[in-house]
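>>> sharing a model that was predicted from the sequence below.
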Amino acid sequence: MVGGSIAGCAFARAATRGGAEQVVVLERSPGRLEDRGVGLCVLDPRYDELVRAGHLDDGIRHHRLTHRHWLTREGAGSGGGGGTGGPRGRLLWAQEMPFHSYHWGVLWQALRERTPDSVSFRLGEAVTAVGGGADGGDATDGGPGTGGHGDRGRAWIESAGGGRETYDLVIGADGYRSVVREAVCPESAFPGARPVYAGYVCWRGSFDARLLDGLPGGAALWPEGEVITVCYPGGQVVLYRIPGLEPGSTQVNWVFYAPTPPWLRPDGVTSVPAGTLTTGRFEELAALAERHLPSYWAGVVTLTPRERTLLQPVYDLAVPRRTTGRLLLAGDAATVVRPHNTSGVVKALQDACAFEDAWRTADSWAELLPVYDAERGAVGRETVEVGRRLGRAQVTEAPDWSAMDEAAMVDWWRQQVVGTGGFGGHAIARPPILRQNPSVE
């Protein structure tokens, strides 16, 4: 496993449950990953499926969300002078939408703890190159149903230290800047297999929810079960609560979609990590919030400390293939979906689910890899397209929010999702094979 974050942990667990004799996870970060503070959401139907598949459980700390309230600052007759809905803004639509929300670090820690002790995690191990055999292997050379260990067609990795190791299979769970993806879809043959900039960015932030008490109206103006989406011309901000790192604590998490700042050059895959924004650029965010958001939500955004604020250009990607030889792509290495779809963690865990199911029914790598590729490749491409559709409808080609009401919002939403089956992630195509050997837990 190249990469030890959420997808890497899920695939390590799936491979062990499938019967792998040895699983090695190579993570380039030298320390633990739990300080990543972004929020993640899982729609309840997808959550139920992943619980049945053994990848999530109620013991993982989460926050329950029940409704999504769509708001805007301005309304018909407001004259652009600050809106008609008070500090919260004008309500466009109270949409029923049950979610489980997670802190990235809390979810990662739980998945890491649920990974069998037999899995070897090697931190600070940066993989610089990978390769795999030209064929998928057969039942005599290390296929999943045989436990064979022949070298024909095996995969290899090279690390920053210069060493080379061979494996029956190398899984690229190394994110949107994947090294493994270059080997599966080399640029010379697949020039389009790179993340593509969507034309706008998302600012992100999180902070201790107790700070809300310092706002006019305090936390009482925002019930804990609400996801808030504030729409403005050219963007929107999504706000919701997530568990804090410490048990019993709660954080506010927000994502602010906005035009590209003039100083950003997103001509390559890039981001501005938390704590690296200059004071001037951090102040640009506060000005953006005060210019476009109702006063309460502008206050929420500006409560965020600079060291908890980051900026990510929005990209998307669906690779033309997920496997070649003895190499396989997982999670963001295979598909990068715009965050509007709230499907990032779902697709990573569903990838692991499909891999485990294919493992249990295959007698060889030659059987396993095409099954995984066919099932998850199609879903990945559809999910990316849903994210693009949502991005157009909510940001780049959004309606005049000041003229919208509940009936218009319901119709507008239906036009986005009808026929896609993909908001929040597609349903698992077939019932997951439940783990047959709980002892590996």
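Received, thanks. Everything quoted here is computed from the prediction, not taken from an experiment. Residues are numbered from 1 along each chain as shown.
>>> burial count for R210?
R210 is flanked by 13 other residues according to other Cβ atoms under 10 Å. The way it works is simple: take the backbone N, C-alpha and C, and place the C-beta from them, glycine included.
>>> before we move on, what about the one 5 residues further on?
Other residues lying near L215 total 20 when counted by other Cβ under 10 Å.
>>> cool, L211 as well?
By the measure other Cβ under 10 Å, the count of residues near L211 is 15.
>>> swap in L221?
Other residues near L221 number 16, with proximity taken as other Cβ under 10 Å.
>>> once you drop chain neighbours, what's closest to it?
The spatially closest residue to L221, leaving aside those adjacent along the chain, is Y296, at 5.7 Å (Cβ to Cβ, 6 or more residues apart in numbering).
>>> so how far is G217 from the one you found?
6 Å (Cβ to Cβ, to the nearest Å).
>>> between those two, what contacts are shared?
Listed contacts common to Y296 and G217 are P87; contacts here mean Cβ atoms under 8 Å, 6 or more residues apart in numbering.
>>> compare those two (neighbour count), which wins?
Neighbour tally, Y296 and G217, criterion other Cβ under 10 Å: the higher count belongs to Y296, 21 against 15.
>>> which ones are touching the more buried one?
Y296 makes contact with 87-89, 215-217, 221-222, according to Cβ under 8 Å, 6+ apart.
>>> reformat those residues as a markdown table; add pLDDT.
Putting those into a markdown table (pLDDT from 0 to 100) gives the following:
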| residue | pLDDT |
| --- | --- |
| P87 | 96 |
| R88 | 96 |
| G89 | 97 |
| L215 | 97 |
| P216 | 96 |
| G217 | 95 |
| L221 | 96 |
| W222 | 98 |
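>>> now, which of the residues you listed sits nearest R17?
Of all the contacts of Y296, the one with the least separation from R17 (Cβ to Cβ) is W222, at 40.6 Å.
>>> give me the number of residues near the closest one?
Neighbourhood size, W222 [other Cβ under 10 Å]: 22.
>>> where does the residue nearest to L221 land in three-state SS?
Secondary structure of Y296, reduced to three states by DSSP: H, G, I helix; E, B strand; the rest coil: helix.
>>> from G162, how far out is it?
With the distance defined as Cβ to Cβ, Y296 ends up 55 Å from G162.
>>> other SSEs contacting the helix or strand where L311 lies?
Under the criterion DSSP states H and E, the helix or strand holding L311 is strand 309-318. Contacts of strand 309-318 with other secondary structure elements, assessed using 3 or more Cβ pairs under 8 Å, 6 or more residues apart in numbering; DSSP states H and E, are made with strand 196-208, strand 335-336, helix 365-391.
>>> and the angle for the helix or strand just after the last one with helix 365-391?
Right, the one you point to is helix 365-391. Later in the chain than helix 365-391, the nearest helix or strand by DSSP H and E is helix 406-417. Relative orientation of helix 406-417 versus helix 365-391 (axes from the mean of the first three to the mean of the last three Cα atoms, to 10 degrees): 150 degrees.
>>> mind checking pLDDT for the residue minimising distance to the centre of the chain?
Against the mean C-alpha coordinate of the chain, by Cα atoms, centre = their mean, the closest residue is G344 at 2.5 Å. The confidence metric pLDDT takes the value 89 at G344.
>>> begin at 25 from here
Sure thing, new numbering starts at 25, so read that last one as G368.
>>> isn't it right up against D356?
Yes - counting by Cβ atoms under 8 Å, G368 touches D356, with 7.3 Å between them.
>>> mind listing the strands for the stretch 225-374 of the chain?
Counting by DSSP state E, counting those that start in this stretch, the segments of the stretch 225-374 of the chain that form strands are 250-256, 259-267, 274-283, 333-342, 347-348, 351-353, 359-360.
>>> go through those and name the closest to G449.
Closest among the strands of the stretch 225-374 of the chain, using Cβ to Cβ: strand 359-360, at 10.9 Å.
>>> against which helices or strands is the closest one packed?
Taking 3+ Cβ pairs under 8 Å, 6+ apart as the contact definition, the neighbouring helices and strands of strand 359-360 are strand 333-342, helix 389-415.
>>> now render those as TSV, adding mean pLDDT.
Rendered in TSV, the data for the helices and strands packed on strand 359-360 read as follows (pLDDT from 0 to 100):
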stretch	mean pLDDT
strand 333-342	94
helix 389-415	94
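>>> with respect to R178, which of those lies nearest?
Shortest distance between R178 and those, using Cβ to Cβ, is found for helix 389-415: 9.8 Å.
>>> relative to strand 333-342, how tilted is the closest one?
Computed by the same axes, to 10 degrees, the angle between helix 389-415 and strand 333-342 is 120 degrees.
>>> tell me the buried residues in helix 389-415?
Buried residues in helix 389-415, counting neighbours by 16 or more other Cβ atoms under 10 Å, are found at 389-397, 399-401, 403-404, 406-415.
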